[in-house]
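*Asks:* Output the structure for:
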Amino acid sequence: MMDKLLNVKEAAALLNVSEMTIRRWTNTGALNCYRLGKKRERRFRRQDLQQYLAGGVDGAGAGGTADESGRVSLGFAGIEVPDGAHLTHLYFDDEEALGLQASYVRQGLEKGETVLVIAPDRSREVLWRTLERDGLEVMAFMDRQRLYHDGGRETPAELAAYIAQIAASAPGRLRLLGDMAWTRSKQWPLELIRSVEETTNTRLRAGHLFLCQYGLAEFSGRETMMAVETHRYAIYKGRLRENLLV
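*Replies:* Purely as a prediction, here's the structure:
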């Protein structure tokens with residue numbers, strides 16, 4: 001006999017997150033759910049939730065330090081990547097982007113890492129509100145210099161210098177989230193964005209984890225291809241893929 005399926009409220013209680021977070025995770029494909037009835041209401045297997053708990057936001061696994069396999073948890077869908085990874089997230093809409101952002105940043109802060117968010121002002125404000133609704137004291141982490149934020153810089157050299165400064169002051173892992181929509185407000189052409197991504201690949205080391213997000217509705221086909229070419233790992237449709245070009 002199949003175990004009783006849990007609703008959103010029950011799933012949120014089990015994972016110790018808000019109901020909104022549960023909905024975001026299912027919308028992005030991070031958390032498996034079943035849709036029942038005419039209203040397509042979400043239902044969850046306890047086994048799926050327990051598996052997610054083991055590898056997801058609040059689960060065991062690498063955070064402030066890599067585990068014995070040298071892998072680090074993103075805090076999203078149980079995904080782990082090698083220490084020092086540089087990966088991209090190709091997303092379809094803002095809700096999907098926010099779902100990964102919140103999980104990724106929360107994981108880093110809860111595991112004792114230093115987190116740097118580079119994103120447009122409006123996107124950062126939405127992210128802060130989301131984290132605070134989930135019980136994270138955003139301003140407290142900023143005051144303790146565990147959470148930094150920036151709207152992007154005018155040149156690749158200025159950006160690299162700023163990231164290096166934060167990395168040098170971080171006592172442990174530096175987890176960077178780059179919502180690359182910030183390059184639109186700075187009017188960066190494709191060549192500058194590529195330069196930053198390629199330079200990042202030469203400077204990454206153990207203790208770094210960099211995630212760059214590209215909206216498929218906002219960036220051109222050439223820009224999306226560049227993102228794929230300059231990142232070894234990509235998250236697409238809620239799943240981690242290694243080298244999409246192969």
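*Asks:* rest of the way, CA atoms for contacts and neighbours
*Replies:* OK.
*Asks:* Please report how far the residue nearest to Tyr91 when sequence neighbours are not counted lies from Ile118.
*Replies:* Sequence neighbours aside, Gly215 is the residue nearest to Tyr91 in space, at 5.1 Å (criterion: CA to CA, 6 or more residues apart in numbering). For Gly215, the distance to Ile118 equals 15 Å [CA to CA, to the nearest Å].
*Asks:* Mind checking which of those two has more residues around it?
*Replies:* Between Gly215 and Ile118, counted using other CA atoms under 10 Å, Ile118 has the larger neighbour count: 24 against 19.
*Asks:* Report the contact partners of the more buried one.
*Replies:* 149-152, 176-180, 182 (CA atoms under 8 Å, 6 or more residues apart in numbering).
*Asks:* Verify the stated contact: Gly108 with Leu116.
*Replies:* No. The pair Gly108 / Leu116 is not scored as a contact, 9.9 Å apart, by CA atoms under 8 Å.
*Asks:* higher neighbour count, these two?
*Replies:* Gly108 (27 against 22).
*Asks:* Can you tell me which helices and strands the helix or strand where Met226 lies packs against?
*Replies:* For Met226, the host element (DSSP states H and E) is helix 221-229. Applying 3 or more CA pairs under 8 Å, 6 or more residues apart in numbering; DSSP states H and E, one finds that helix 221-229 makes contact with strand 86-91, helix 190-203.
*Asks:* Swap in 10 Å and give it another go.
*Replies:* strand 86-91, helix 190-203, strand 208-215 (3 or more CA pairs under 10 Å, 6 or more residues apart in numbering; DSSP states H and E).
*Asks:* and these, which is most packed in?
*Replies:* strand 86-91 (a mean of 24; mean count of other CA atoms under 10 Å).
*Asks:* what is the orientation angle of it with helix 221-229?
*Replies:* Between the axes of strand 86-91 and helix 221-229, defined by axes from the mean of the first three to the mean of the last three CA atoms, to 10 degrees, the angle is 140 degrees.
*Asks:* partners of strand 86-91 in the sheet?
*Replies:* As defined by DSSP bridges, the strand partners of strand 86-91 come to strand 208-215 (parallel), strand 233-236 (parallel).
*Asks:* will you turn these into TSV that also has distance to Arg222?
*Replies:* TSV is the format used below for the strands paired with strand 86-91 (distance: least, CA to CA, whole Å):
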stretch	distance to Arg222
strand 208-215	12
strand 233-236	16
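*Asks:* Compare these and give me the one nearest Glu137.
*Replies:* Comparison of these against Glu137 by CA to CA identifies strand 208-215 as nearest, at 22.3 Å.
*Asks:* what inclination does that closest one have with respect to helix 190-203?
*Replies:* Using the same axes, to 10 degrees: strand 208-215 against helix 190-203 is 160 degrees.
*Asks:* in the chain, which helix or strand is least confident?
*Replies:* One helix or strand of the chain scores below all others by mean pLDDT, DSSP states H and E: helix 46-55, with a mean of 74.
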